[in-house]
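Trainee: need a structure here:
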Amino acid sequence: MLDKERKGFSSMIFSSSSLVNLVIFLHLSKSDETDFINLLNKGEEMSKIAFIGTGVMGAAMAGHLMDAGHDLIVYNRTKSKTDGLVARGATYAENPQKAAAQAEFMITIVGYPKDVREVYFGAEGIFKNDCSGKVLIDMTTTEPTLAQEIYQEAKKVGAFALDAPVSGGDLGAKNATLTIMVGGDSETYEKALPLFEKMGKTITHQGAVGSGQHTKMANQICIAGTMTGMTELLAYAQKAGLDLDKVLNTVGGGSGATWSLANYGPRILREDYSAGFFVKHFIKDLGIALSEAEKMNLKLPATKGAKELYEQLADKGFENDGTQALIKLWWPNGHRPE
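Mentor: Numbering: from 1, shown residues only. Below you'll find the predicted structure:
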C-alpha cells in the first residue's frame, strides 16, 4: 500500500473512533494491510437499540452489544443500575416510551409478567410510540400468552416481535454464553440473530410466537430437578461425613454431572449465595410452568415439589438470594455444619 493511502486509511480509522483498530493497523506488515482493511469493510451494520432492564443479567448483555459497536439507549426502573453503561457511552432515557422512540430494536429483560406488560402497554410504554418497522424482543421469562399479546399488538402497528428468554444465569450473561430460545416469525428472527450472537452461544428459533417461552418453561422444569438434586446430594454427603469437594468432583465427572452442580456446587461450598438468578424469579418461573401444564392437563409433581421448597426458602426471608440458597433449608443460614 502507498504511504499516501496508508495515511488516509489511518485517518479514516481514527475518525471513526476505533483507536484499537488504528493501533493494530499501524503494527501490521504491509502484506497484511489489505486483508485487515477487507475484514473491517465486511463489518456488520450497527444498530440503535433501546435496552430496557439492566439488572444482574441485563447490564452484562447490554455491555456486549456496546462492545460490538451498537448505539444503546438504556432504561431501568432503578436508574443507578444504568450508571455503568452510561459511563461507557450509552444514553439514558427517562422511561420505556422515550427509549423506544429513538431505536430500531427494543430489547426488554425485566422481572415479572406485570413488569413486561407495563413496559409494553403502560402509560409510558413502548407501544405509545409509532412502532412501525421496529423489532421488539422480550427476553424476560414470562407467560406464552403475554408473548402472543405483544406479537399481535406489534403486528397491528406494523412492528415485529419475538419472545427470546434466556438461560445461563449471571455467568452466561457475563461471558456471552447464554442459551437463547426464540419464538416468532423466521424473518424477524434472522434480523435479530446478529444481536443474539453477541449475547449468547446456543441460539435456536423454536417456532411460532410463544415457542421461546414454552421452551424456557421446559428448561426451568429441568433446572428444578437439578437444583433439588444437587441440594439433597450435598445435604446427604455432609451427613455421611464425606469430603464435599471430592464428592462434587466425583459426581461431576460421571453421569450425575449437571450445569447446576458444576456452577452452583462450588458457590455453596464457598457460602456464596449472591444471585446469579433470584429465588423470587425462579418461583415465578415455576409458577408459570405449572400453570401452563395445568392448561394442558399435565401433572408435574416434581416441579410442584421444587416450587414448594423454594417458597419455604422465600418465606424464611431468602427471596433475594440466588437459587443455590436452597441448601439453607438444610444448613442454617447456609453455613456448612461442622
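Trainee: residue ranges with poor pLDDT in the stretch 151-300 of the chain?
Mentor: Along the stretch 151-300 of the chain, the model assigns pLDDT under 70 to no residue.
Trainee: Can you show me the strands along the stretch 101-250 of the chain?
Mentor: Using DSSP state E, counting those that start in this stretch, the strands of the stretch 101-250 of the chain run over residues 105-108, 135-138, 160-163, 166-167, 178-183, 200-207.
Trainee: nearest spatial neighbour of residue 188, skipping sequence neighbours?
Mentor: residue 160 (4.2 Å; C-beta to C-beta, 6 or more residues apart in numbering). In short, each C-beta sits where N, CA and C put it, glycine included.
Trainee: show me the contacts for the one you found.
Mentor: 134, 135, 136, 154, 184, 185, 187, 188, 191 (C-beta atoms under 8 Å, 6 or more residues apart in numbering).
Trainee: Distance to residue 98 and neighbour count for those residues - can I get that in TSV?
Mentor: Formatted as TSV, these follow (distance: C-beta to C-beta, whole Å; neighbours: other C-beta atoms under 10 Å):
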residue	distance to residue 98	neighbour count
134	14	21
135	18	23
136	16	27
154	19	25
184	25	29
185	27	16
187	28	8
188	24	21
191	23	17
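Trainee: can you list the domains in this structure?
Mentor: Split into domains by automatic domain parsing, the chain comes to 3-41, 48-208, 215-334.
Trainee: so of the ones you listed, which one's packed in deepest?
Mentor: domain 48-208 (a mean of 20; mean count of other C-beta atoms under 10 Å).
Trainee: How far away from the center of its chain is that domain?
Mentor: 9 Å (C-alpha atoms, centre = their mean, to the nearest Å).
Trainee: So which of the strands of the stretch 101-250 of the chain is nearest residue 231?
Mentor: With C-beta to C-beta as the measure, strand 166-167 is the member of the strands of the stretch 101-250 of the chain nearest residue 231 (19.0 Å).
Trainee: What pairs with the closest one, parallel or antiparallel?
Mentor: Using DSSP bridges, strand 166-167 pairs in its sheet with strand 178-183 (antiparallel).
Trainee: what angle separates the partner strand from strand 200-207?
Mentor: Angle between the axes of strand 178-183 and strand 200-207 is 10 degrees (criterion: axes from the mean of the first three to the mean of the last three C-alpha atoms, to 10 degrees).
Trainee: Now do the end-to-end distance for stretch 252-264.
Mentor: With C-alpha to C-alpha, to the nearest Å as the measure, the first residue of stretch 252-264 is 12 Å from its last.
Trainee: Does residue 247 touch residue 233 like I think?
Mentor: Yes: judged on C-beta atoms under 8 Å, residue 247 makes contact with residue 233 at a distance of 7.3 Å.
Trainee: Who are the contact partners of residue 118?
Mentor: Counting by C-beta under 8 Å, 6+ apart, residue 118 has contacts residue 125.
Trainee: Alright, I will stop here.
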